[in-house]
Each structure stands twice: as C-alpha cells, then as structure tokens.
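Participant: Dropping the sequence and predicted coords here.
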Amino acid sequence: MPVASGRIEMKRILIVEDDMVSRKFLMKFLSQYGDCDLVVDGLEAIDAYLLALKDGLPYDLICLDVMMPKIDGMQVLKTIRDLERQKGIPENEKSKIIMTTVLGETQIVQSAFDYGCNAYASKPIDMPKMTEVLGKIGFIEELV
C-alpha cells in the first residue's frame, strides 16, 4: 500500500450496482479496505472511471454488476480495459475488476474473463468468499 507523507493512503473502490440492497452490502463490506464510490448504472460507471483517471486517482478495485440498465457490466468491463490499453496503463496498475451477478452461466463467466475481469462473484455475496477473492487477486493481503 502506498504511503504518502507518513500515512497510509486509502485504496479507491468503485461499486457499480443497480440493486440497492447489494450496493449497501458491498459498501459496508468494502469500506474497511478503502474509500468507496457508488454508481447505479453502466453510464455512471464509465463517467466515474474517466473522472478518476483525469484526476490522477484511478480506482484500485471495481465491483461491477453484470446486469444493469443503460450499459451492462460486460460492456463497461470492455470499455474500461480498452481505455487502459489506449492510455498505456501498465498491467500492475490496472484496476482490479470483480464481476458480480446472480447469473452463473458458463458463457457469461467465460466472456467476463476474456474481456479482462480479475474475478467473478455470485450473488448473494458471501463475505468469507469475497474476502478470499480479494486476497487471490492481490487487492488485500491474504490471511494465513
């Protein structure tokens, strides 16, 4: 974790979720790991991502719902990865992206990984599993 002037810098997290219950749950759970921003659809997600890049404060983690209004999570994932490529962001500085959904369809999961997601979490979100996923993708230190 980067240290700025003797203090630990908080990680930045974007939660993209159109369901209020899931949004509140993720916010409560993930706020222990960083500062969370919340958006409710794909358009807002892309806007928030672009603003964070412009401000030089990119998101460390993005939790992205697959099924959302306006632009679905798969299109948002593809757009973010395309923007990272265009801007020449090194692999180790790219946002970690976890797709969340009630859908467990193999084709959707495979497509998400093909587009560059780091992990996939089924809803309802299970805290121990989510903690394990955050460790596996290197967002938090894995507990031994």
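Facilitator: Structure received.
Participant: any idea how far the residue minimising distance to the centre of the chain lies from Gly116?
Facilitator: Against the mean C-alpha coordinate of the chain, by C-alpha atoms, centre = their mean, the closest residue is Ile62 at 1.3 Å. For Ile62, the distance to Gly116 equals 11 Å [C-beta to C-beta, to the nearest Å]. (Each C-beta comes from the backbone N, C-alpha and C, glycine too.)
Participant: Mind listing the shared neighbours of the two?
Facilitator: When contacts are counted by C-beta atoms under 8 Å, 6 or more residues apart in numbering, Ile62 and Gly116 are jointly contacted by Ile97.
Participant: if you go through the protein in chain order, where are the helices?
Facilitator: 20-30, 42-54, 73-86, 106-115, 127-136 (DSSP state H).
Participant: Nearest to Leu14, out of those helices?
Facilitator: helix 42-54 (5.7 Å; C-beta to C-beta).
Participant: elements contacting that closest one?
Facilitator: Packed against helix 42-54 by the contact rule (3 or more C-beta pairs under 8 Å, 6 or more residues apart in numbering; DSSP states H and E) you find strand 11-16, strand 34-39, strand 61-65, helix 73-86.
Participant: Make JSON lines out of these and add mean pLDDT and distance to Lys96.
Facilitator: Listed next are the helices and strands packed on helix 42-54 as JSON lines, based on pLDDT from 0 to 100; distance: least, C-beta to C-beta, whole Å:
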{"stretch": "strand 11-16", "mean pLDDT": "97", "distance to Lys96": "10"}
{"stretch": "strand 34-39", "mean pLDDT": "97", "distance to Lys96": "11"}
{"stretch": "strand 61-65", "mean pLDDT": "97", "distance to Lys96": "5"}
{"stretch": "helix 73-86", "mean pLDDT": "97", "distance to Lys96": "11"}
